[in-house]
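Visitor: could you work out the structure for the sequence below:
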Amino acid sequence: MSGNRSHEDELFDDLQEEEERLAAEEQAEFDALEAEEAQEKGVDTPKDPVEAMHNIIKELQAELEETKDKMLRTVAEMENLRRRTAKEVTDAKTYSAANFARDMLSVSDNLRRAIEAVPDEAKAAGDKGFLALIEGVEMTERDMLSTLEKNGVKKLDPKGEKFDPNFHQAMFEVPNPEVPNNTVCEVIQEGYKIGNRVLRPAMVGVAKGGPKLSDLQADDESADTGDSEQSTE
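Guide: Numbers count the residues shown, from 1 in each chain. Here you go, the predicted structure:
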């Protein structure tokens, strides 16, 4: 029976061989293309399927690490943005009334000048209406300063402190060898600040001629060291 094959059988075999040949050529072209791409990328194409799988796993791990790094960077940037936004909101709440508070300080100064302009003799000899007027002005001043303080405005009382050019304005120097040099010894006009910003510097007189504050601190440290050594002995 095998020697009596029909023309159709032979034709079918020829077609099947042709299909197999074409498939082999397509696979060879595909393998050649992959090898060319791998060569362009500088990657050797392994012949072992296990090695090829390991390479694929390494590539996926590298992509995963890169994606993880990008995600962490994005999270860090978002956290920094959140902190900056929170700080901006806090600053806006704290310093939004700065200009208004500065203007109100001028009104408070005028109230204080009005109170101090009344002589003590006039206060002692004044009638009840006049004294009530003075008391009302003083009460208005206190209420205004209290309201400013509730809104973050604080008075600067630097007497006895070290002169700070960020919050103090030196008007004159006072020769005094008994007071540490550069110490505020007189306050001419009180200063105010809102948050960490100065609204109005305090006008002060600064001591001159005394020992430097750093020298006094060094002496205090030496004295403390001597006392500790004596106690150890």
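
Visitor: from Met144, how far off is Thr90?
Guide: Distance, Thr90 to Met144, by CB to CB, to the nearest Å: 25 Å. C-beta coordinates here come from the backbone N, C-alpha and C atoms, glycine included.

Visitor: compare those two and say which is more crowded by neighbours.
Guide: Legend: neighbour count by other CB atoms under 10 Å for Thr90 and Met144, higher for Met144 (15 against 11).

Visitor: would you agree the more buried one is in contact with Val107?
Guide: Yes: the pair Met144 / Val107 is scored as a contact, 6.9 Å apart, by CB atoms under 8 Å.

Visitor: in this structure, what residue spans correspond to helices?
Guide: Taking DSSP state H as the test, the helices found in the chain are 7-40, 49-95, 98-116, 120-125, 128-150, 213-232.

Visitor: can you redo those as CSV with distance to Ala202?
Guide: Converted to CSV, those look like this (distance: least, CB to CB, whole Å):
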stretch, distance to Ala202
helix 7-40, 74
helix 49-95, 19
helix 98-116, 12
helix 120-125, 26
helix 128-150, 15
helix 213-232, 18
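
Visitor: what's the closest of these to Lys162?
Guide: Among the helices of the chain, the nearest to Lys162 by CB to CB is helix 213-232 (6.0 Å).

Visitor: how near is Glu173 to Pro165?
Guide: 14 Å.

Visitor: neighbour-wise, which of these two wins?
Guide: Set side by side, Glu173 and Pro165 show more neighbours around Glu173, with 14 against 8, by other CB under 10 Å.

Visitor: spit out the contact partners of that one.
Guide: Going by CB atoms under 8 Å, 6 or more residues apart in numbering, Glu173 touches 205-208.

Visitor: hmm, 10 Å instead?
Guide: Going by CB atoms under 10 Å, 6 or more residues apart in numbering, Glu173 touches 181-182, 185, 205-209.

Visitor: give the bridge partners for it, please.
Guide: Taking DSSP bridges as the rule, Glu173 bridges to Val206.
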